[in-house]
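> from the sequence below, what's the structure:
(4 chains)
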There are 4 protein chains.
Amino acid sequence: MQSLEVKNRTSVDEINKLRLITAIKTPYLPDGRFDLEAYDALMHMQIVNGSEGVIVGGTTGEGHLMSWDEHIMLIGHTVNCFGGSIKVIGNTGSNSTREAIHATEQGFAVGMHAALHINPYYGKTSQEGLISHFEAVLSMGPTIIYNVPTRTGQDIPPHVIHSLAQNINMAGVKECVGNDRIKDYTDNGIVIWSGNDDESHDARWLYGATGVISVTSNLVPGLMHELMFGGKNASLNSKLMPLIEWLFREPNPIGLNTALAQLGVVRPVFRLPYVPLPLARRVEFVNIVKDLGRENFVGEKDVQILDDDDFVLVGRY
Amino acid sequence: MQSLEVKNRTSVDEINKLRLITAIKTPYLPDGRFDLEAYDALMHMQIVNGSEGVIVGGTTGEGHLMSWDEHIMLIGHTVNCFGGSIKVIGNTGSNSTREAIHATEQGFAVGMHAALHINPYYGKTSQEGLISHFEAVLSMGPTIIYNVPTRTGQDIPPHVIHSLAQNINMAGVKECVGNDRIKDYTDNGIVIWSGNDDESHDARWLYGATGVISVTSNLVPGLMHELMFGGKNASLNSKLMPLIEWLFREPNPIGLNTALAQLGVVRPVFRLPYVPLPLARRVEFVNIVKDLGRENFVGEKDVQILDDDDFVLVGRY
Amino acid sequence: MQSLEVKNRTSVDEINKLRLITAIKTPYLPDGRFDLEAYDALMHMQIVNGSEGVIVGGTTGEGHLMSWDEHIMLIGHTVNCFGGSIKVIGNTGSNSTREAIHATEQGFAVGMHAALHINPYYGKTSQEGLISHFEAVLSMGPTIIYNVPTRTGQDIPPHVIHSLAQNINMAGVKECVGNDRIKDYTDNGIVIWSGNDDESHDARWLYGATGVISVTSNLVPGLMHELMFGGKNASLNSKLMPLIEWLFREPNPIGLNTALAQLGVVRPVFRLPYVPLPLARRVEFVNIVKDLGRENFVGEKDVQILDDDDFVLVGRY
Amino acid sequence: MQSLEVKNRTSVDEINKLRLITAIKTPYLPDGRFDLEAYDALMHMQIVNGSEGVIVGGTTGEGHLMSWDEHIMLIGHTVNCFGGSIKVIGNTGSNSTREAIHATEQGFAVGMHAALHINPYYGKTSQEGLISHFEAVLSMGPTIIYNVPTRTGQDIPPHVIHSLAQNINMAGVKECVGNDRIKDYTDNGIVIWSGNDDESHDARWLYGATGVISVTSNLVPGLMHELMFGGKNASLNSKLMPLIEWLFREPNPIGLNTALAQLGVVRPVFRLPYVPLPLARRVEFVNIVKDLGRENFVGEKDVQILDDDDFVLVGRY
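Residues are numbered from 1 along each chain as shown, chains lettered A, B, ... in the order given. Here you go, the predicted structure:
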């Protein structure tokens, strides 16, 4: 089903040099549909603040709460509106090989520059199965493999990565296991993005990572840009830690969703099973914003605490 | 779910001046999936030969044989690859208002320039229902209404069109009822495209139609361009009649699918319930091509008769 | 994907002797989802009043406004709850052969006793295409073919029916073209159900039809049973005419939906593009009920006129 | 959307006394569709050998590799054909609350007796989110909660279970964390099924578990029945260990799929990302069958090793 159109061809080299990739938040209307106006505004904030790529419908963007047609639509929308300014990486992975094939084919057809592929979470498989799964999609275009055993229940072992790295479409790995694992890869010429914001400075400057695929950059894209481009900066890294710790105390994107609503850049709408952080945490966030400086965060409005009643939780949408 | 991005905004004025719009064929791989390489080649042929717009997934493009995710993907693909050179009009209509709403929202989100909307075929509805149906989608962007009672089983009466024409997004009507009906509309300032290739010359030059939404232009885009732009030309019109008659002796797109396969520009693959024209008709087509001149048709290969065995019919895909 | 379970096997002989089959209404909750409680109550009314079969998700049941998963679910639900008391015929037809194959396979898998198949409306096809379409599904189980050119835009000609009648799964035809056409079929041993309530008495008693697939029986199942089982009864037939004429003045099921809401057996919820009949018609219906006798209609409540504001119209659901 | 039909009402008491529930395998045709003939045969084997319930489309049944319409269809099919002989528990859980709501509503509508619900794997959520997720579906009917942190990446902590246990629809928990956890629950009156075949004997006879939700019973239902009903039987338990260990050396259902193909009761067809166990393991299985006795296993054919070429792996289906 491949297209040979120039507009649909991105080289792996354009992907594997990206240093700051944001796992972009998907904002919602009160009925649970996408809020594209808010999304477009978030995209602009990323672009003007130096993010070079976005993951569309990642775990942060709640791809697992989308139907596939919504998901592909959002990729196509992002490519159409912003594809000239930023690389669009679609999370077209799935624990079902069929779904991964179908979504990846469609994602590249609508112009995404690269695919993000997870190993089969929950269902899991053997190592032979892992390789078969990834090989079913690697032929379609530039690909980032994503390893996050705390979510998937199964580590992608290095020898599987080394095997996949033979494929010319393999751009690199988003690795969450830690910086020692990262060093093993970068010593062997494999391009790595840290998947942990709290370790990303060290990953970049001490362990050879190319950059980060970041959640935090949704909030402070300029600071995350500085962290990835400005040279070793232990001071900035330390300064960011309270925010990062706050963000990940509950499973992502609960903290991020709460924070963006408090900053007034998205409506306070959650698709279940996500629910906002409790009031005490929301108060903490206001203080974190003050400490880091409101001007470093996205949006123009004053940061708000928000009441419980301000939030809309949607189960049917 | 609206996006305000400039790239997602087309004015009605950009749509209602188009004279040659092609209801583009969707080509298939032998397993029934889209053949995007062939599609992209067809799109290029349209662009270089002067077509100004395409209907994606119309009845000609067999939108009714697509799943909605395929359909939206094809619209997004077309916008991404060709949207700078040609207007992309998605057939996001349906006999189900829910589907029409959902598809139209998605189509505009991935950047289509306008929507084509049919009245609820098969299920039909009252005139109040017709208006409610169209009003549910007209707010989303530039819209062409499509009236073809021989397919839908129900005429859209002029007073419904006049009512809808109050909406600023109403770009015009693709009208198949005939040139007298067209004249009534154009006399009253409503933009019309003829939906019948055999009447399109007269519609354009004698009855005030702006242009044509054409099936025949898939085959001879240059000649159809001449017919719409070159002034009254009864001779060219007559010359085209044998081709047009041949094309529509069985329900469209049976003739078109057969012809494009014979011209070697698409694989001879049919999604059921369409089946190729029989051998005798295929022989006729070869003669029509010779009479009109191979150079006026798309593609570079010799026109072929093709054997029955050359065709692949797919029911599951 | 066939199952050989006894519970999944119905013989054609069990289908082609049914005289009163109701094209059952699908009732909705205010948010547009199925109202299964109301549906179950409607099913009971059919069973106790002598209906022998139901079409689930026909045009009357608004199958074209369902997603396929809803549609198959409703078939499965009906089989599970009522399949021992009434024959369940799923309208698993489509103008897309792929969809017809998929839905029919699933419908038989969940236990439907027979399938109803329409020719490809709107998209249409050649006669060879018609045969290919029907043959793709006839192998799966007992099948009723449905001919309604005023909806489909294309008549199924008798020679196509004769060709399909060779298949052992072909149970008969729901024919809407009229009683002369019906007589041709019944003279040749083809089982026919009238698809027009106003002609069904004559079809049954004068033209050889086996029975009727009825809309009106949603409202007055007992009277329709009498009409099909009680022998020639011109008086009853005449008595029913005002109701039948009222029902079909706008495209079905607009009248039926309005009537059932007025009778208090379904909520006054319409899925667009259907909208209720206007007030004047609703007043007429109250009088028709009085004339025919409230006790002949389904439900126990007084018939009501209902205000415009009582109706809920849903576009997204 | 609730139905009040008697046939759609199962009490929690009918569910929470089941001792042997099989997480039934879904067999496939070579093109990847369901093989319902083989499935029906597997169901018969379960029923005649004493299994009292089945999980349809669990992780063992590869629900995560199904589309939802396939999944609900399979539940409906199972209810229709076998619901009088065995309890049908649909795995209508999801990491998306929307999907869980939709599937559970549909599953109960087609007659399933109970739902199995997993916590949101991969996406994860907070404990408040967990409770919101489960509460969104608990109102619909009898429910078993499933805890398997090695797949989901997140334990359901006991206090969440205790909170959910207040709901009258909560039938119990399929617990995989181990027998100490089980004892805590059973000491507090919570009904538990062991989710680990290797621990199920002890869970049943030493830790208060009601029974097991078993993978192994797909192969040796009679022995698993004996294990759950026959009183403490350390000898039988030991005898089963080599089989159980063999089954789970790769992520389930890889071993089971391979075994059932070797036993000749399902076609050797795998939906990716699952691939068969390698030859050496297949040889081991033949020996295990000999040791335990072919007569204790399902099917009648000789157990075979099968060649690599005998297996069909499908990615598109």
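
> could you pull out the helices for the stretch 151-300 of chain A?
For the stretch 151-300 of chain A, the helices defined by DSSP state H, counting those that start in this stretch cover A:158-164, A:179-187, A:197-206, A:221-229, A:234-247, A:254-262, A:279-292.

> any idea of the mean pLDDT for the shortest one?
Regarding helix A:158-164, the rounded mean pLDDT is 98.

> check the fourth one too.
For helix A:221-229, mean pLDDT rounds to 98.

> what of the third one?
Average pLDDT, helix A:197-206: 98.

> for that helix, packing partners?
Judged by 3 or more C-beta pairs under 8 Å, 6 or more residues apart in numbering or on different chains; DSSP states H and E, the packing partners of helix A:197-206 are helix A:179-187, strand A:192-194, strand A:211-214, helix A:221-229, helix A:234-247. Quick note: C-beta positions are derived from backbone N, CA and C, even for glycine.

> just the angle for it relative to helix A:234-247, thanks.
Computed by axes from the mean of the first three to the mean of the last three C-alpha atoms, to 10 degrees, the angle separating helix A:197-206 from helix A:234-247 equals 150 degrees.

> would you mind finding the most buried of the helices of the stretch 151-300 of chain A?
The highest mean neighbour count among these, using mean count of other C-beta atoms under 10 Å in any protein chain shown, belongs to helix A:254-262: a mean of 25.

> show me the contacts for the residue nearest to residue A:168 when sequence neighbours are not counted.
In this structure, residue A:168 finds its nearest non-sequential neighbour in residue A:12, 6.7 Å apart by C-beta to C-beta, 6 or more residues apart in numbering or on different chains. Neighbouring residues of residue A:12 by C-beta atoms under 8 Å, 6 or more residues apart in numbering or on different chains: A:142, A:168, A:169, A:170, A:171.

> so which bits of the stretch 151-300 of chain A are right by chain D?
Contact residues (C-beta under 8 Å from any C-beta of the partner chain) of the stretch 151-300 of chain A with chain D: A:151-154, A:250-251, A:254, A:271-275, A:277-278.

> mind giving me the PyMOL select for the residues you listed, buried ones only?
Of those, the buried ones go into a single PyMOL selection, burial set by 16 or more other C-beta atoms under 10 Å in any protein chain shown:
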select buried, chain A and resi 151+152+153+154+250+251+254+271+272+273+274+275+277
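
> which of the contacts of residue A:12 tops the neighbour count?
residue A:171 (29 neighbours; other C-beta atoms under 10 Å in any protein chain shown).

> now do it, the pLDDT please.
pLDDT, read off for residue A:171, is 98.

> wouldn't it be in contact with residue A:16 here?
Yes. Taking contacts as C-beta atoms under 8 Å, residue A:171 lies within contact range of residue A:16: 4.6 Å.

> show me the two of the residues of the stretch 151-300 of chain A next to chain D that sit farthest apart.
Across these, no pair lies farther apart than A:154 and A:278, at 31.8 Å, counting by C-beta to C-beta.

> around chain D, pick out the residues from the stretch 1-150 of chain A.
A:32, A:59, A:62, A:64-65, A:95-98, A:101-102, A:120-126, A:128-130, A:132-133, A:136, A:149-150.

> among these, name the buried ones.
Among those, those buried by neighbour count (16+ other C-beta under 10 Å) are A:32, A:59, A:62, A:64-65, A:95-98, A:101-102, A:120-126, A:128-130, A:132-133, A:136.

> give me the residue from the stretch 201-317 of chain A nearest chain B.
residue A:317 (11.4 Å; C-beta to the nearest C-beta).

> likewise for the stretch 1-150 of chain A?
For the stretch 1-150 of chain A, C-beta to the nearest C-beta, closest residue to chain B: residue A:76, 3.3 Å.

> re earlier: show me the buried ones among the residues of the stretch 1-150 of chain A next to chain D that map onto strands.
The strands, defined by DSSP state E, take in nothing from those.

> chain C next: which of those are close?
Within these, nothing lies near chain C by C-beta under 8 Å from any C-beta.

> how about JSON lines for the helices and strands packed on helix A:197-206, with distance to chain C added?
Listed next are those as JSON lines, based on distance: least, C-beta to the nearest C-beta, whole Å:
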{"stretch": "helix A:179-187", "distance to chain C": "42"}
{"stretch": "strand A:192-194", "distance to chain C": "38"}
{"stretch": "strand A:211-214", "distance to chain C": "34"}
{"stretch": "helix A:221-229", "distance to chain C": "34"}
{"stretch": "helix A:234-247", "distance to chain C": "34"}
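
> okay but residue A:86 is in contact with residue A:53, surely?
Yes. The pair residue A:86 / residue A:53 is scored as a contact, 6.1 Å apart, by C-beta under 8 Å.

> who has more neighbours, those two?
Neighbours per residue, other C-beta under 10 Å: of residue A:86 and residue A:53, the larger number sits with residue A:53, 25 against 22.

> give the contact list for the more buried one.
Residues near residue A:53 by C-beta under 8 Å, 6+ apart: A:15, A:18, A:20, A:21, A:22, A:86, A:87, A:88, A:89, A:113.

> could you redo the last one with a cut-off of 7 Å?
By C-beta atoms under 7 Å, 6 or more residues apart in numbering or on different chains, the contact set of residue A:53 is A:18, A:21, A:86, A:87, A:89.

> phi, psi of the first one?
Dihedral angles of residue A:18 (phi, psi; degrees, to the nearest 10) stand at phi -70, psi 130.

> roughly how far does it sit from residue A:114?
Note on residue A:18: its distance to residue A:114, by C-beta to C-beta, to the nearest Å, is 9 Å.

> find residues that contact each of those two.
Common neighbours of residue A:18 and residue A:114, using C-beta under 7 Å, 6+ apart, are residue A:87.

> between the two, who's got more neighbours?
Remark: of residue A:18 and residue A:114, residue A:114 carries more neighbours, 29 against 25, as counted by other C-beta under 10 Å.

> where does the nearest residue to the more buried one once chain neighbours are set aside land on pLDDT?
Among residues not flanking residue A:114 along the chain, residue A:142 sits closest, at 3.9 Å (C-beta to C-beta, 6+ apart). Listed pLDDT for residue A:142 reads 98.

> cool, the one 10 residues further on as well?
With respect to pLDDT, residue A:152 has a value of 98.

> do residue A:97 as well
Looking at residue A:97, its pLDDT is 98.
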